[in-house]
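Undergrad: When you get a sec, could you give me coordinates for this:
(one chain, ligands or ions: 7)
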Amino acid sequence: MQPRPPFSLLFLLFLLTAAVTTTTTAHNITRILASHPDFSTFNHYLTTTHLAAEINSRTTITVCAIDNAAMSELLSKHLSIYTIKNILSLHVLLDYFGAKKLHQITNGTALAATMFQATGTAPGSSGFVNITDLKGGKVGFGVEDNGGSLGSLFVKSLEEKPYNISVIQISKVLSSDVAEAPAPGPSELNITGIMSAHGCKQFADALLANAEAAKTYEESVQGGLTVFCPLDDPFKAFLPKFKNFTMANKTAFLEFLAVPIYQSISMLKSNNGLMNTLATDGDRKFDFTVQNDGQEVTLKTKINTVKITGTLIDEQPVAIYTTDKVLLPNELSKAAPTPAPAPAPEKAADSPKAPKKKGGKTDAPASDSYSPADSPADDAADQTADENAGVMVGGARFLSIGLSLCLGVLLL
Ligand SMILES: *[C@@H]1O[C@H](CO)[C@@H](O)[C@H](O)[C@H]1NC(C)=O
Ligand SMILES: *[C@@H]1O[C@H](CO)[C@@H](O)[C@H](O)[C@H]1NC(C)=O
Ligand SMILES: *[C@@H]1O[C@H](CO)[C@@H](O)[C@H](O)[C@H]1NC(C)=O
Ligand SMILES: *[C@@H]1O[C@H](CO)[C@@H](O)[C@H](O)[C@H]1NC(C)=O
Ligand SMILES: *[C@@H]1O[C@H](CO)[C@@H](O)[C@H](O)[C@H]1NC(C)=O
Ligand SMILES: *[C@@H]1O[C@H](CO)[C@@H](O)[C@H](O)[C@H]1NC(C)=O
Ligand SMILES: *[C@@H]1O[C@H](CO)[C@@H](O)[C@H](O)[C@H]1NC(C)=O
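TA: Ligands and ions are numbered 1, 2, ... in the order given. Coordinates of the predicted model:
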């Protein structure tokens, strides 16, 4: 028998690829509930409130699902989507309760922390669910601050993957006055307040001092806004340069650090490519390239590259991320004098006019080979080198090169 190397090689590569891709998510609540049509409304609201993504990112949890009939009772109250999110987050218990465990609770009663409590919006004990074994083999559920009422009963188990995720049906929506208190909608979000409180005060102050840019941000919130704000230390170092800008350039710079669409981290990771910004206005591109670097997401222009280091808020339609350096637009670098020589031919070919505030993702450029020659003026921005991160990034890059090779071979 002759061995058949191409096949075993392909199989090995397949295994490699599979191993890498399956480690990303252990379960997918949307898919689990999709096979239970009675829960389509609940499933729909888990997606629109982005709770689904939070559920998928956790293990050792229990989702208390409610069927379409019980959901319609909740929806008849005409609550805002933000309030519905609070209520549904009470239905995600941060512990694993399969049917067996529910019927054998130590001492017959337990309090379970929920995702509502984990959001920090729930004061006191209002984010806990009381689970109690009742007479006749019944299990009652109630929100802790709801006067001890255990009005919702365990119905059945829908899916159990011990000890990652248990999905059970309960008879009624769990709610409380606290969860139903009106949650602030996006127009009431104080984005500069959020930035100031979480390490981006310098940037928030610059934005507050610029009425035009502040207004552009404000007007974009309803339709979707993603901000990439530099942390205080790098922005402080950049301030002398920023203060030297003309007023119009300050505005353009501030508007350059936000895009007029909502982008979660996973959306950024899966949508690499050129991105228009609030400053994009016809020929004045003010765009940057989003690119994965291992587990991290980077933003780059011809001047420099920055890393997303944290999330200040991610609730549709608004996301605010922090960056380790100040991303510098091509248009405001000393090396690119006002009548830029290059852009003319490229413009005609592949970039439709981008009217102000109609920005968004376009296709990735074919090549990202920026010439190092055109990167000046980066002194302020280059000071936060994180060596540990560098090592990890290097490893990840190696992995992705390996994967590309695999794919390359598969295509042959
Ligand atoms: C989860 O499953 C749904 C439906 O099958 C799919 O649309 C979605 O992309 C999946 N999400 C993830 C993170 O895999
Ligand atoms: C169960 O009850 C006993 C006696 O009241 C108490 O000592 C123990 O801590 C309880 N266990 C739990 C898990 O609440
Ligand atoms: C749960 O609620 C029941 C009924 O109000 C109460 O008797 C029990 O002590 C509560 N359990 C816990 C752990 O607080
Ligand atoms: C639980 O998740 C881990 C990965 O986090 C996975 O390896 C395991 O197979 C999962 N267990 C079940 C029962 O799905
Ligand atoms: C937003 O927050 C900042 C800082 O916390 C505060 O000074 C400002 O008054 C707030 N703005 C509004 C409109 O609430
Ligand atoms: C600000 O502008 C002045 C005059 O153009 C120049 O001399 C100075 O070096 C600039 N400062 C910075 C920090 O760029
Ligand atoms: C700012 O704007 C002026 C006038 O439009 C322009 O000449 C200059 O190159 C711009 N860049 C900087 C860094 O000030």
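Undergrad: which residues of the stretch 101-250 of the chain fall in strands?
TA: Counting by DSSP state E, counting those that start in this stretch, the stretch 101-250 of the chain has strands at residues 109-113, 128-133, 139-143, 152-161, 165-170, 225-230.
Undergrad: can you redo these as CSV with mean neighbour count and mean pLDDT?
TA: For glycine as for every other residue, the C-beta is placed from the backbone atoms N, C-alpha and C. CSV is the format used below for the strands of the stretch 101-250 of the chain (neighbours: other CB atoms under 10 Å; pLDDT from 0 to 100):
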stretch, mean neighbour count, mean pLDDT
strand 109-113, 16, 91
strand 128-133, 22, 93
strand 139-143, 23, 95
strand 152-161, 16, 96
strand 165-170, 22, 97
strand 225-230, 26, 96
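Undergrad: Put together TSV for those strands, with distance to ligand 3 on each row.
TA: As requested, these are exported to TSV (distance: least, CB to the nearest ligand atom, whole Å):
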stretch	distance to ligand 3
strand 109-113	4
strand 128-133	4
strand 139-143	6
strand 152-161	12
strand 165-170	15
strand 225-230	42
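Undergrad: So which residue is dead centre in the chain?
TA: Ser264 (3.0 Å; CA atoms, centre = their mean).
Undergrad: Could you report the distance from the residue nearest to that one when sequence neighbours are not counted to Val227?
TA: In this structure, Ser264 finds its nearest non-sequential neighbour in Asp314, 5.7 Å apart by CB to CB, 6 or more residues apart in numbering. Counting by CB to CB, to the nearest Å, the separation of Asp314 from Val227 is 11 Å.
Undergrad: Repeat that for Tyr321.
TA: For Tyr321 relative to Val227 (CB to CB), the value is 7 Å.
Undergrad: just checking, Asp95 touches Ile61?
TA: Yes: counting by CB atoms under 8 Å, Asp95 does reach Ile61; the two are 7.2 Å apart.
Undergrad: who has more neighbours, these two?
TA: Ile61 (25 against 16; other CB atoms under 10 Å).
Undergrad: contacting residues around that one?
TA: For Ile61, the contact set (CB atoms under 8 Å, 6 or more residues apart in numbering) comprises Ile55, Val92, Leu93, Leu94, Asp95, Tyr96, Asn164, Ile165, Ser166.
Undergrad: Spatially nearest residue to the second one, not counting backbone neighbours?
TA: Counting by CB to CB, 6+ apart, Val92 lies nearest to Met115, which is 4.0 Å off, once chain neighbours are set aside.
Undergrad: Then the fifth one?
TA: Taking CB to CB, 6+ apart, and ignoring the residues beside it in sequence, Asp95 has Ala112 as its nearest neighbour in space, at 5.4 Å.
Undergrad: quick one, what contacts that neighbour?
TA: Taking CB under 8 Å, 6+ apart as the test, what Ala112 contacts is Thr62, Leu93, Leu94, Asp95, Phe97, Phe128, Val129, Ile131.
Undergrad: want to throw these into a markdown table with distance to ligand 1?
TA: Listed next are these as a markdown table, based on distance: CB to the nearest ligand atom, whole Å:
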| residue | distance to ligand 1 |
| --- | --- |
| Thr62 | 19 |
| Leu93 | 21 |
| Leu94 | 20 |
| Asp95 | 23 |
| Phe97 | 23 |
| Phe128 | 28 |
| Val129 | 26 |
| Ile131 | 28 |
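Undergrad: Identify, from these, the entry nearest to Thr305.
TA: Leu94 (36.9 Å; CB to CB).
Undergrad: My read is that the closest one contacts Leu111, right?
TA: No: with contact defined as CB under 8 Å, Leu94 does not count as touching Leu111 (11.2 Å).
Undergrad: any residues in contact with both of these two?
TA: The contact lists of Leu94 and Leu111 share no entry, where a contact means CB under 8 Å, 6+ apart.
Undergrad: tell me which parts of the protein are close to ligand 7?
TA: Phe245, Thr246, Asn249, Leu332, Thr338 (CB under 6 Å from any ligand atom).
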